[in-house]
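*Asks:* here is the input, now give the coordinates:
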Amino acid sequence: MEQPKSLILQRGISPIDGNPFVVILTLKTSNRKTGQMPQVWILREDVNPVEAIATGADYSICGNCPHRKDSVTGKRSCYVNPGQAPLSIWKAYKRGLYEEDLTFEDGEKYLKGKRIRFGAYGDPALIDPVIFWAVAGAAEGHTAYTHQWREPWAQWARGAMQASCDGLADYLEASAHGWKTFRVTPKGEQGSHGKQCPATVENSQAQCVTCALCDGDKADIWVEAHGTGALHVK
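*Replies:* Predicted coordinates for the structure are as follows:
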């Protein structure tokens, strides 16, 4: 049997606002920063990603992330372009092109020896922890980040995901509650705690697929702010 391009891992109801979401695993990527890692996407099941952002329906899968579209200014600082991969994946899902019911044997076959990126879009803390650990356990390693680290329903992810921190105050709060962090520092300022993301070191050839630090358990990582996301870093 030919290897599928993508697999449906879960359909669920968001603890944020009670709306439906779907979790999809894509097995190949062209993302140069991460390298060849299977990617996990969390999408509104009933609304396409572009429309979800335009109407605020992405709140179901992104929660209080500061990089969502601001309802007042209309500005959005998330680095993900919803009209590209997220929209293509959602449309293919709606056309019934993806395999369902990932078995243990499937995990062994498709994920063995690979590192997975949880949350290529959407917050991975929404994933059922049983499903998360079954998928992560079939792979060699993973990366995962959550902006929902303050939420009671997301506490299971401590030790499995980096707390996404937009500045020093976030870092201190998350660390005090036992999270390993991925902190964005103001442009031109190096982090005073943890390690710099290896992929951002000058002349580095590192990619996420060659690095095992952002698994929620090993280290605090920092990266200098860049792009429009820098507006939210203090």
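*Asks:* in this structure, what secondary structure element scores lowest on mean pLDDT?
*Replies:* Least confident helix or strand, the chain: helix 104-111 with a mean of 76, by mean pLDDT, DSSP states H and E.
*Asks:* how far does it sit from its chain's centre?
*Replies:* Offset of helix 104-111 from its chain centre (CA atoms, centre = their mean, to the nearest Å): 21 Å.
*Asks:* state the next helix or strand along the chain beyond it.
*Replies:* Per DSSP states H and E, helix 104-111 leads on to strand 115-121 as the next helix or strand towards the C-terminus.
*Asks:* partner strands of that next one, with direction?
*Replies:* Sheet pairing for strand 115-121, assigned by DSSP bridges, gives strand 39-44 (parallel), strand 141-146 (parallel).
*Asks:* tell me what the least confident helix or strand of the chain is packed against?
*Replies:* Where contact means 3 or more CB pairs under 8 Å, 6 or more residues apart in numbering; DSSP states H and E, helix 104-111 is packed against helix 129-138. The way it works is simple: take the backbone N, C-alpha and C, and place the C-beta from them, glycine included.
*Asks:* residues in contact with Pro129?
*Replies:* Pro129 makes contact with 156-157, 160, according to CB atoms under 8 Å, 6 or more residues apart in numbering.
*Asks:* and for Ser175?
*Replies:* Ser175 neighbours (CB under 8 Å, 6+ apart): 181, 193, 220.
*Asks:* would CSV of the residues you listed with distance to Asp58, secondary structure and neighbour count be doable?
*Replies:* Below are the contacts of Ser175 laid out as CSV (distance: CB to CB, whole Å; DSSP: H, G, I helix; E, B strand; the rest coil; neighbours: other CB atoms under 10 Å):
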residue, distance to Asp58, secondary structure, neighbour count
Thr181, 24, strand, 26
His193, 31, coil, 14
Asp220, 28, coil, 20
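*Asks:* got a list of contacts for the helix or strand encompassing Ala163?
*Replies:* For Ala163, the element it lies in under DSSP H and E is strand 162-165. By CB under 8 Å, 6+ apart, the surrounding residues in contact with strand 162-165 are 65, 143-147, 149, 170-171, 174, 179-184, 214-216, 221.
*Asks:* please convert the buried members of these into ChimeraX selection syntax.
*Replies:* Buried residues among those (16 or more other CB atoms under 10 Å), as a ChimeraX selection:
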select :65,143,144,145,146,147,149,170,171,174,179,180,181,182,183,184,214,215,216,221
